[in-house]
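A.B. asks: The following comprises the amino acid sequence and a computationally predicted model.
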Amino acid sequence: MTEKTIAVVTAGLTTPSSSRLLADQLAAAVRDELSGRGIGSRIELIEVRDHAHELTDNLLTGFPPAKLREVLDTVTAADALIVVSPTFSASYSGLFKMFFDVLDDQALAGKPVLLAATGGTERHSLVLEFALRPLFAYLKALPIPTGVYAASTDWGANAAGLRTRISQAAGELVAALHHETPTQADPFESPTPFEDLLNG
């Protein structure tokens with residue numbers, strides 16, 4: 001069976017964190033999509049908070065410690081990425097940015113990436129388009145069309161809408177791995193948080 005490696009980079013600061021919860025759900029959805037095609041998967045989870053001191057050392061010295069080097073190599077070698085950041089000041093967290101600052105500037109070139117973020121309110125959902133997407137475009141990665149933002153309310157009564165977005169994004173990431181045109185979401189399905197803001 002063919003196998004794809006998916007690196008999941010999550011920058012939540014607490015344990016447990018909503019960013020990790022979203023990362024786990026996205027990884028499971030991508031794994032299911034691959035399995036449906038008869039493709040195996042290896043999920044490599046990277047909790048950035050576990051490498052905060054090593055990242056600082058790397059920025060100060062220019063050289064990654066051995067443990068961090070192994071993590072960076074995992075990201076570089078992965079077939080695709082899922083990245084999740086908490087929202088701080090309408091952008092990704094400093095810790096999240098620090099991780100991608102120490103990667104080689106060609107490490108993500110041509111790599112499909114599923115962008116995701118968490119925050120307290122859906123009004124911050126534009127972080128996906130105004131912060132994460134430009135960052136990964138600069139890194140020459142290939143962000144898929146659908147990003148997934150989860151506000152605090154998405155974990156309760158509105159969980160169905162979040163599941164729809166997760167499923168759509170997972171399908172697009174797997175399509176990108178196979179150089180296919182992703183299936184567009186049904187315009188009559190649950191709106192994204194961005195669409196909620198436009199309609200509200």
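C.D. replies: Okay, I see it.
A.B. asks: pretty sure Leu21 is in a helix, no?
C.D. replies: Yes. With DSSP: H, G, I helix; E, B strand; the rest coil as the criterion, Leu21 is part of a helix.
A.B. asks: what's near enough to touch the nearest residue to it once chain neighbours are set aside?
C.D. replies: Among residues not flanking Leu21 along the chain, Trp155 sits closest, at 7.6 Å (C-beta to C-beta, 6 or more residues apart in numbering). Bear in mind the C-beta positions are built from the backbone N, C-alpha and C, glycine included. Counting by C-beta atoms under 8 Å, 6 or more residues apart in numbering, Trp155 makes contact with 18, 21, 162.
A.B. asks: so which of those would you say is closest to Tyr92?
C.D. replies: Tyr92 has its nearest neighbour among those in Ser18, at 14.5 Å by C-beta to C-beta.
A.B. asks: Near the closest one, how many other residues are there?
C.D. replies: 21 (other C-beta atoms under 10 Å).
A.B. asks: Excluding chain neighbours, what is closest to it?
C.D. replies: Thr118 (4.4 Å).
A.B. asks: Likewise for Phe88?
C.D. replies: Nearest residue to Phe88 in three dimensions, chain neighbours excluded: Gly94, at 7.1 Å (C-beta to C-beta, 6+ apart).
A.B. asks: where does the one you found land on pLDDT?
C.D. replies: At Gly94, the predicted lDDT confidence score is 96.
A.B. asks: Okay, it and Leu55: tell me how far apart.
C.D. replies: Distance of Gly94 to Leu55, computed by C-beta to C-beta, to the nearest Å: 10 Å.
A.B. asks: Give me the more crowded residue out of these two.
C.D. replies: With neighbours defined as other C-beta under 10 Å, Gly94 and Leu55 compare such that Leu55 has more, 21 against 13.
A.B. asks: and Val113, which of the three is it?
C.D. replies: At Val113 the chain is in strand, as set by three-state DSSP.
A.B. asks: list the contacts for it?
C.D. replies: By C-beta under 8 Å, 6+ apart, the contact set of Val113 is 80-83, 136, 141-144.
A.B. asks: From Phe130, how far off is it?
C.D. replies: Here Val113 is placed at a distance of 16 Å from Phe130 (C-beta to C-beta).
A.B. asks: do Asp101 as well
C.D. replies: Using C-beta to C-beta, Asp101 is found at 19 Å from Phe130.
A.B. asks: Listing request: residues of this protein with sub-threshold pLDDT.
C.D. replies: Low-confidence segments of the chain, defined by pLDDT under 70: 1, 158, 182-200.
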